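Please find the sequence and the predicted model below.
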Amino acid sequence: MLQLCVSITDWKGQNWLMRIDLHTHSRVSDGTDSPTELVAAAARARLDVVALTDHDTMAGVAEAHSAGENFGVRVVGGLELTCQYEDVTVHLLGYGCRSDDSALSGALQELRDGRDDRVPKVVAALNAAGVEISADDIKASARPGATLGRPHVADALVALGVVSDRQQAFDRWLDIGRPGYIGHYKVPLAEGVAMITGAGGVAVLAHPWGRESRSVLTADVIGGLAAEGLDGLEVDHQLHDADTRATLRALAGECGLIPTGSSDYHGTGKVDHDLGCNITPDSSFEAIQGMVSQRVTLLGTPPGT
Ligand code: AMP
Ligand code: ZN
Ligand code: FE
Ligand code: FE
């Protein structure tokens with residue numbers, strides 16, 4: 001008789017029985033779904049587990065957790081922390097962090113304040129380049145309280161008819177080196193790892209060899225970060241081609257880092273990042289869960305749970 005429930009195991013013994021996506025964005029940052037809509041979409045995409053990892057905030061996690069109970073999807077609370085290594089932006093995923101941790105909450109507030117302060121500077125830079133746009137145009141494209149990012153500027157440029165979509169806005173105006181690019185405060189990477197793990201969470205480097213972070217995150221640097229407390233490496237990501245994934249998977253193995261795979265879903269805000277387009281092996285998720293419960297035990301149970 002045929003087995004109904006087939007466990008697919010690859011040559012390294014990784015197990016893919018569940019569909020686990022550990023990197024998604026709601027409109028609490030720069031995605032286009034509410035946390036509830038995102039979890040509903042995760043159920044339609046037949047995900048067993050989804051992590052909400054909005055940029056520099058965990059404000060959507062409580063709503064996502066309740067939606068998870070309604071839709072039968074296990075929700076992991078997370079965030080994507082904006083960090084810096086040398087002078088390059090690096091994204092760091094954090095899972096299971098306590099929301100009452102003062103060091104992490106303080107850093108998240110500083111990051112969001114820095115993003116708010118950037119808005120008038122972006123407006124001035126775009127105006128100087130001949131694009132008529134106001135701070136109100138940008139704020140109108142985000143929900144109140146959302147982490148403001150360049151995708152909101154991109155949406156405003158689309159609404160004003162300056163460009164046709166987010167990608168064109170980045171290519172012409174917002175990418176590094178383009179007229180509307182303005183930096184903002186970022187957390188030094190080593191501090192980011194310490195902050196996430198200090199808050200009881202698990203720290204995973206997001207798309208390490210996607211975009212500019214590839215230039216600074218060499219194998220040696222990643223090995224050094226692993227020795228200093230980094231827990232995992234996002235191997236399967238749309239910004240990584242097949243060779244990059246193979247090299248990163250081997251590197252994760254050598255450094256004792258947990259390999260993950262995820263979509264980086266942004267709703268309609270990013271094409272080719274559908275929920276479940278990359279998934280995390282069961283064994284990696286189990287390792288993450290084990291670390292979170294170990295660290296929670298060390299720190300004590302969070303209040304209200
Ligand atoms: P920010 O937080 O303002 O730096 O914006 C980060 C967001 O912009 C993330 O969702 C990135 O995936 C997206 N992003 C960054 N660079 C690009 C690019 N060149 N093209 C499209 N999206 C990008
Ligand atoms: Zn984003
Ligand atoms: Fe990212
Ligand atoms: Fe992301």
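Right, received. Where do you want to start? Ligands and ions are numbered 1, 2, ... in the order given.

For the stretch 151-300 of the chain, which residues are neighbours of ligand 4?
D264 (C-beta under 5 Å from the ion). C-betas here are computed from N, CA, C, even on glycine.

which residues touch the residue in the stretch 151-300 of the chain that ligand 2 sits nearest to?
Relative to ligand 2, the nearest point of the stretch 151-300 of the chain is H266 (5.5 Å; C-beta to the ion). Contact analysis of H266 by C-beta atoms under 8 Å, 6 or more residues apart in numbering lists T24, H25, D30, G31, T32, P151, H273.

Quick check: nearest residue in space to the third one, chain neighbours excluded?
Once its chain neighbours are removed from consideration, D30 has its nearest residue in P151; the separation is 3.9 Å (C-beta to C-beta, 6 or more residues apart in numbering).

what does H237 give?
Distance criterion C-beta to C-beta, 6+ apart; nearest residue to H237, sequence neighbours excluded, is H207 at 4.4 Å.

can you pull the contacts of that neighbour?
Residues near H207 by C-beta under 8 Å, 6+ apart: H91, S213, E234, H237, L239, H240, D264.

For ligand 1, tell me whether stretch 182-201 is touching it.
No - on the criterion C-beta under 6 Å from any ligand atom, stretch 182-201 is out of touch with ligand 1, staying 7.3 Å away.

buried sites along that stretch?
182, 184, 186-187, 189, 192-201 (16 or more other C-beta atoms under 10 Å).

How about stretch 175-183?
The neighbour-count check on stretch 175-183 (16+ other C-beta under 10 Å) flags G180, I182 as buried.

any idea of the mean pLDDT for it?
What stretch 175-183 shows for mean pLDDT is 97.

what's the first-to-last distance across that stretch?
One end of stretch 175-183 sits 11 Å from the other (C-alpha to C-alpha, to the nearest Å).

would you list every one of the helices in the stretch 1-150 of the chain?
Counting by DSSP state H, counting those that start in this stretch, the stretch 1-150 of the chain has these helices, from start to end: 35-44, 61-71, 102-128, 135-140, 150-159.

Now render those as a markdown table, adding mean neighbour count.
What follows is those, written out as a markdown table (neighbours: other C-beta atoms under 10 Å):
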| stretch | mean neighbour count |
| --- | --- |
| helix 35-44 | 21 |
| helix 61-71 | 17 |
| helix 102-128 | 17 |
| helix 135-140 | 16 |
| helix 150-159 | 23 |
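
Among those helices, which comes closest to H55?
helix 102-128 (8.3 Å; C-beta to C-beta).

need the contact list for I182.
Applying C-beta under 8 Å, 6+ apart to I182 gives the contacts R118, K121, V122, A125.
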